[in-house]
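Asker: Provided below are the primary sequence and the corresponding predicted coordinates.
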Amino acid sequence: WSQINDKELSPSAQQLYDDLHDGFMWNDREISPLPQPDEFAPLPDFNHPSLAWAGEIILEENADLEALFNEWWDNKVAEHGDDYVACPEDIAEAFKTALNYMDPENKAGVDVILDPDSSALSWESPLMAIKVGGKRAPITSAGLLFRRFLHEGKGHGGRAIEGLKTGLPVLGMGLYTDTARADYLTFEEGFCTTVEEAVSDKDIKWNGINLGYYINIALAQGGSDDRAVFETAWRYRLLMKVKDGQEVTEEMIEKEKNLTHTSLVRIFRGMPTGLSDKYPDIKPLTFNKDLAYLNGRVLAMNHIEELHERDDRDGLMRLFKAKYDPTIPEQQVIVDKYVS
C-alpha cells in the first residue's frame, strides 16, 4: 500500500486502486478490499550499505568459484558459439563441476538432480541435492550461472558440505533447537536469496514477486478463495509496477494475470478450484513453504546489518560453515563450539 499510495495514478490505474481500496464485483461475486494494517514495521532496505559490504566480501572469498564458472562458460562458447546459453542439462553439468571442486571426494554426498518434469531450480533438503528442472528457461551468462550457484550450491549445498566436516553431523543436515523459533531453514532461505542479490548489479526492490506469496497466503488464511486471491493479486501486482501517470492497457492486464496465475498455482497446488463454494465455512488450504522466504529475508538482512556495524567479516563467512540460524542464541552457542 505504501508503494501504491506514493504514485500519481492515471484514471485506469485509479480504477484498479479503487477496486483494492473499496472492494469490487467479479461477475456476481463481491471481492473484499485488500486489507490495510493500521500499524506496520518497515522492511529492510535493499540500499543499506551492509549489502554492498557483504557482496564485496562474498565475491572476494569466492573468486576461485567465479573463475571456475567463467572458464566453464568460455569453453562452452568456444564449442557452441557466441550465442550459447546454458540449457538445464548444462546447468546441472556446471553445478556438478563446482560441487566437485568444493568437495572432490564427495564426502558430503551433495548431488545435482535433473528433473525433466520440473521448471524449478531449487535445493531439496531430504535429498541433499540441487534440483534442476528440465523445463526451466536457459541461463544466459556466466555471471548469472555463478550467482545462482552461490544461492543453491554455496549457500544450501556448501553449508551441508562444511557442516558435515565439523564432527557434529546435524550441522550439515540442518539444526533444530527446542526454542520459540526452532528451525535453521527460515534463515537459510533468506540468507541464500540475500547472498545472490548482494553480488548482483541489479536494482532489487520489494515488489509483487517477492512479497506476493506472503500476501496471497495471508489473503487465503483470511478466508479468500483462489478466485478472490487471483483477482486481488493481479491488481496489486500491476499497480506496484505501473509508472506515474501510466495508463493500464489490456496487454499489461493479461501479462499480469498470467504471472499471477503461476504464482497462485504454487500456493494452491493440488487443491481443486471451487472448494469454497461447496465448503464455505472452511478456509482454503495453502502450501506455506514460501512464508519462509520473507521471514528469512528479514532475519538475514537485519543480521547482516549487525555484522556490518561491527565490520565482522569472519562472522559473515561463518554463515557458510553450517546449517544454522545465528539469530537463535542457542544455535549460535552450538556453532561456536564446533565451528572454528
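Answerer: Arrived safely, thanks for sending.
Asker: Can you give me the end-to-end span of stretch 163-177?
Answerer: 16 Å (C-alpha to C-alpha, to the nearest Å).
Asker: again with stretch 1-11
Answerer: Length of stretch 1-11, first residue to last, C-alpha to C-alpha: 18 Å.
Asker: neighbouring contacts of it?
Answerer: For stretch 1-11, the surrounding residues in contact (C-beta atoms under 8 Å, 6 or more residues apart in numbering) are 13, 17, 20, 34, 36, 206, 236, 239-240, 242-248. C-beta here means a position set from N, CA and C on the backbone, and glycine is covered the same way.
Asker: tell me which residues in it are buried?
Answerer: Using 16 or more other C-beta atoms under 10 Å as the test for burial, stretch 1-11 gives 4, 7, 9, 10.
Asker: which regions of the chain sit below the pLDDT cut-off?
Answerer: For the chain, no stretch has pLDDT under 70.
Asker: and residue 151, what does it touch?
Answerer: Counting by C-beta under 8 Å, 6+ apart, residue 151 touches 192, 193, 195, 196.
Asker: Out of those residues, which comes closest to residue 334?
Answerer: The closest of the contacts of residue 151 to residue 334 turns out to be residue 192 (C-beta to C-beta; 20.6 Å).
Asker: That closest one: what's it in contact with?
Answerer: Contacts for residue 192 were tallied using C-beta under 8 Å, 6+ apart; they are 123, 150, 151, 152, 155, 156.
Asker: ok, back up a step: where helices are concerned, which of the buried residues of stretch 1-11 count?
Answerer: Those of the buried residues of stretch 1-11 mapping onto helices are residue 4, per DSSP state H.
Asker: looking at the protein, which residue lies furthest from center?
Answerer: Taking C-alpha atoms, centre = their mean, the residue of the chain most remote from its mean C-alpha position is residue 28, at 36.3 Å.
Asker: The stretch 101-250 of the chain: strands as residue ranges?
Answerer: With DSSP state E, counting those that start in this stretch, the ranges of strands along the stretch 101-250 of the chain come out as 111-115, 121-124, 129-133.
Asker: Report the buried members of the contacts of stretch 1-11.
Answerer: The neighbour-count test (16+ other C-beta under 10 Å) marks 13, 17, 20, 34, 206, 236, 239, 240, 242, 248 as buried among the contacts of stretch 1-11.
Asker: What's the ChimeraX syntax to select whichever of the contacts of residue 151 are buried?
Answerer: A single ChimeraX command selects the buried members of the contacts of residue 151 (16+ other C-beta under 10 Å):
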select :192,193,195,196
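Asker: next SSE after the helix or strand hosting residue 59?
Answerer: Using DSSP states H and E, residue 59 falls within helix 49-61. Next helix or strand after helix 49-61 toward the C-terminus (DSSP H and E): helix 63-80.
Asker: what's the angle from that following helix to helix 49-61?
Answerer: Relative orientation of helix 63-80 and helix 49-61, computed by axes from the mean of the first three to the mean of the last three C-alpha atoms, to 10 degrees: 70 degrees.
Asker: Please list the residues outside stretch 269-278 that contact it.
Answerer: Contacts of stretch 269-278 (C-beta under 8 Å, 6+ apart): 225, 226, 227, 282, 284, 285, 286, 287.
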